[in-house]
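Participant: sequence plus predicted model, see below.
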Amino acid sequence: EIRDASVIPANKVGLITALDGEPLADGEYVAKSVPGHNDFQDPSAFLEKGGQRGPQFDLLKPGTYYINPMLFKVELDDVAIVERGQVAVVVSNVGEEPVQIRELIEKTAKDESAKQGTDLYKEIEQRFDVGIERYVVPKGYRGIQQEVAGPGIYYLNRRAYIAYIIDTTNITIDWDDSKQTRFDPLKVISRDGFAIGVSVKIVIRIRPDQAPYMVAKIGSIENLILHVIHPMIDSSFRNQASSTSAMNFMQDRQEEQRKAEERARVELEKYHVECVSVLICQINLPQELMDTQTKKIIAQQQQDMYHDQQKAEQARIAMEKTRSEADLQKSLVEAELGVKIADQNKLKAIRFAEGEAESIRLKAEGEAKGIKAKGEAEGSRILAIGESTAKAYELQNKAVGQQGVTAIEIAKQIASGSIKVTPDFLVQGGDNFGGLLSAFLTSIITGKQNTLIQEVKEV
């Protein structure tokens, strides 16, 4: 019978299942590799060198092969592609058993008296294979490979190896109202009994060298998100909200975010995952509480505004005062100059008065000295005249005698007119009546003359 050749196209691999050969060993899923069969095109060599029936370890790469379909079954599978920003954690189903697990199996078999190759021993192996987490192992051992596969295309036998693609770039998980997000906003209750909606974002990163250990611990990123991160974030914010009031929770948003991030970092380190950041995007408080807070803030803002207005008015008053002082600066300078001029005029007047007084004093002193000198001269003159007169009288007295001197002085007084010798009026009568009448007429004439003389003096 003629059959078509087996063609493996690009980006595909051919997985082989042998329909004949030796049976697989207990606990093995994939047949061991045998050499010399020329990509399964020489069935005789395959059988002679101990080829086993069942899924084969070797695979076919893209190309054309002439394979006996009666002995080998060919199935196409996609190549493994690792994109940039990713690594492939490979779990090997072939190779030697890890020492730790093998020791546990042998110890358990000894405790249960199960000999190797018996059904009980196989049951123990299966129990450990299913129920025990396989540790990260070096290349060549069965289990999670310590070495990861970087970006590229790999011809991978998915029966022998399972590749888990792990993103090594930042992974963001959101809790909000968007339809694109997986989780709704967190619903928490504050200490004072208010329901709070919290929109949260967490950013994580898995380092390439830690990816195998993360897979060993939790299995996949999906399991990490569902079974670790989501319960942890929900629990963190519930605990934090219940320990404070709703308003304080919103006002202390940065502190609450810091606490949640610290806890997330510690918890995720246990799973070999790096916590980049935990962000609180939105906190939704009940509307009635927000209304109260809004009114309070408005009142506070008004107080601040009034205070600022008061400060502005005070500043304006100070400015107006400064401006007025600046406007009056010319007058102030003129006044100051006027004061200085007045002081100078005062000093000038004082100096002038002092000079005038000094001048008057000196003049008076001069006049007094002149009068004194004149008086002294007049006195000396009078004294000299008196002394001369006295000396003349003395000489006259010696010459003519005392009576002669007296007669001479009387004659001088009469000659000068100082002494009247004849009367102004003469009234005579012959009897007593005539004498009285003469005396009366004399008094009248004398009175009129005196009155006339007085009027002339007044004029």
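Facilitator: Here it is on my side, so go on.
Participant: confirm residue 70 sits in a strand?
Facilitator: No: under DSSP: H, G, I helix; E, B strand; the rest coil, residue 70 falls outside any strand and is assigned coil.
Participant: so how far is residue 236 from residue 285?
Facilitator: Noted for residue 285: a distance of 19 Å to residue 236, by Cβ to Cβ, to the nearest Å. All C-beta spots, glycine's among them, are computed from the backbone N, C-alpha and C.
Participant: is it true that residue 242 touches residue 193?
Facilitator: No: the pair residue 242 / residue 193 is not scored as a contact, 10.1 Å apart, by Cβ atoms under 8 Å.
Participant: those two: who's more crowded?
Facilitator: When neighbours are counted by other Cβ atoms under 10 Å, residue 242 and residue 193 differ, and residue 242 comes out ahead with 12 against 8.
Participant: got the contact list for the more buried one?
Facilitator: Shown in contact with residue 242 (Cβ atoms under 8 Å, 6 or more residues apart in numbering): 188-191.
Participant: looking at those, which are in strands?
Facilitator: Among the contacts of residue 242, DSSP state E puts 188-189 in strands.
Participant: now the contacts of residue 242 in a markdown table, with pLDDT and distance to residue 61?
Facilitator: Below are those laid out as a markdown table (pLDDT from 0 to 100; distance: Cβ to Cβ, whole Å):
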| residue | pLDDT | distance to residue 61 |
| --- | --- | --- |
| 188 | 92 | 56 |
| 189 | 92 | 61 |
| 190 | 91 | 63 |
| 191 | 91 | 65 |
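Participant: ok, of the contacts of residue 242, which come out buried?
Facilitator: Buried subset of these (neighbour count, 16 or more other Cβ atoms under 10 Å): 188, 190.
Participant: and the two most separated of the contacts of residue 242?
Facilitator: Greatest spatial distance among those (Cβ to Cβ): 188 and 191, at 10.6 Å.
Participant: now list whatever residues contact both of these two.
Facilitator: Common neighbours of residue 188 and residue 191 (Cβ under 8 Å, 6+ apart) are 241-242.
Participant: make TSV out of the contacts of residue 242 and add distance to residue 63.
Facilitator: Formatted as TSV, the contacts of residue 242 follow (distance: Cβ to Cβ, whole Å):
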residue	distance to residue 63
188	61
189	65
190	68
191	70
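Participant: among the contacts of residue 242, find me the one that's closest to residue 86.
Facilitator: Checking those against residue 86 by Cβ to Cβ gives residue 188 as the nearest, at 35.2 Å.
Participant: any idea what the closest one is bridged to?
Facilitator: Counting by DSSP bridges, residue 188 is bridged to residue 196.
Participant: show the pLDDT at residue 374.
Facilitator: Residue 374 is assigned 76 on the pLDDT scale.
Participant: hang on, I meant residue 301
Facilitator: Reported pLDDT for residue 301: 86.
Participant: distance of it from residue 308?
Facilitator: For residue 301 relative to residue 308 (Cβ to Cβ), the value is 10 Å.
Participant: same question, residue 282
Facilitator: Distance, residue 282 to residue 308, by Cβ to Cβ: 31 Å.
Participant: same check on residue 189?
Facilitator: 39 Å.
Participant: can you give me the helices for this structure?
Facilitator: 43-48, 99-111, 119-131, 211-218, 221-224, 230-242, 246-251, 253-269, 287-327, 329-400, 402-416, 432-458 (DSSP state H).
Participant: tell me which of these is the most buried.
Facilitator: Comparing the helices of the chain by mean neighbour count (mean count of other Cβ atoms under 10 Å), helix 211-218 comes out on top with a mean of 22.
Participant: okay, now the domains of the protein?
Facilitator: Following automatic domain parsing, one finds the domains of the chain at 1-78, 170-285, 332-413, 423-458.
Participant: reformat these as a markdown table; add distance to residue 154.
Facilitator: A markdown table is the format used below for those (distance: least, Cβ to Cβ, whole Å):
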| stretch | distance to residue 154 |
| --- | --- |
| domain 1-78 | 9 |
| domain 170-285 | 16 |
| domain 332-413 | 96 |
| domain 423-458 | 164 |
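Participant: confidence-wise, which of the ones you listed is weakest overall?
Facilitator: Mean pLDDT values for the domains of the chain show the minimum at domain 423-458, a mean of 53.
Participant: ok, now which ones touch residue 139?
Facilitator: Residue 139 touches 145-147, counting by Cβ under 8 Å, 6+ apart.
Participant: how far away is it from residue 190?
Facilitator: Counting by Cβ to Cβ, the gap from residue 139 to residue 190 is 54 Å.
Participant: from residue 46, how far off is residue 218?
Facilitator: 41 Å.
Participant: thinking again about what came up before, would JSON lines of the helices of the chain with distance to residue 1 be doable?
Facilitator: Formatted as JSON lines, these follow (distance: least, Cβ to Cβ, whole Å):
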{"stretch": "helix 43-48", "distance to residue 1": "15"}
{"stretch": "helix 99-111", "distance to residue 1": "47"}
{"stretch": "helix 119-131", "distance to residue 1": "40"}
{"stretch": "helix 211-218", "distance to residue 1": "47"}
{"stretch": "helix 221-224", "distance to residue 1": "48"}
{"stretch": "helix 230-242", "distance to residue 1": "58"}
{"stretch": "helix 246-251", "distance to residue 1": "78"}
{"stretch": "helix 253-269", "distance to residue 1": "60"}
{"stretch": "helix 287-327", "distance to residue 1": "81"}
{"stretch": "helix 329-400", "distance to residue 1": "124"}
{"stretch": "helix 402-416", "distance to residue 1": "212"}
{"stretch": "helix 432-458", "distance to residue 1": "196"}
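Participant: nearest to residue 167, out of the ones you listed?
Facilitator: helix 221-224 (6.9 Å).
Participant: show me what the closest one is packed up against.
Facilitator: Here helix 221-224 touches helix 211-218, going by 3 or more Cβ pairs under 8 Å, 6 or more residues apart in numbering; DSSP states H and E.
Participant: elements contacting the helix it packs on?
Facilitator: Helix 211-218 is packed against strand 86-92, strand 136-137, strand 143-145, strand 161-167, helix 221-224, with contacts defined by 3+ Cβ pairs under 8 Å, 6+ apart.
Participant: and it, how far out from the chain's middle?
Facilitator: Relative to its parent chain, helix 211-218 has a centroid offset of 46 Å by Cα atoms, centre = their mean, to the nearest Å.
Participant: that one vs strand 161-167, what angle?
Facilitator: 100 degrees (axes from the mean of the first three to the mean of the last three Cα atoms, to 10 degrees).
Participant: span of stretch 244-262 from start to end?
Facilitator: Chord length of stretch 244-262, first to last residue, is 18 Å (Cα to Cα, to the nearest Å).
Participant: which residues are contacting it?
Facilitator: 190-192, 194, 196, 200, 233, 236-237, 240-241, 275, 277-280, 283, 285-286, 289, 293.
Participant: buried ones in stretch 58-72, by neighbour count?
Facilitator: 58-60, 65, 67, 71-72.
Participant: equivalent analysis for stretch 152-161, please.
Facilitator: 155-157, 159-161.
Participant: no further queries at this time; thank you.
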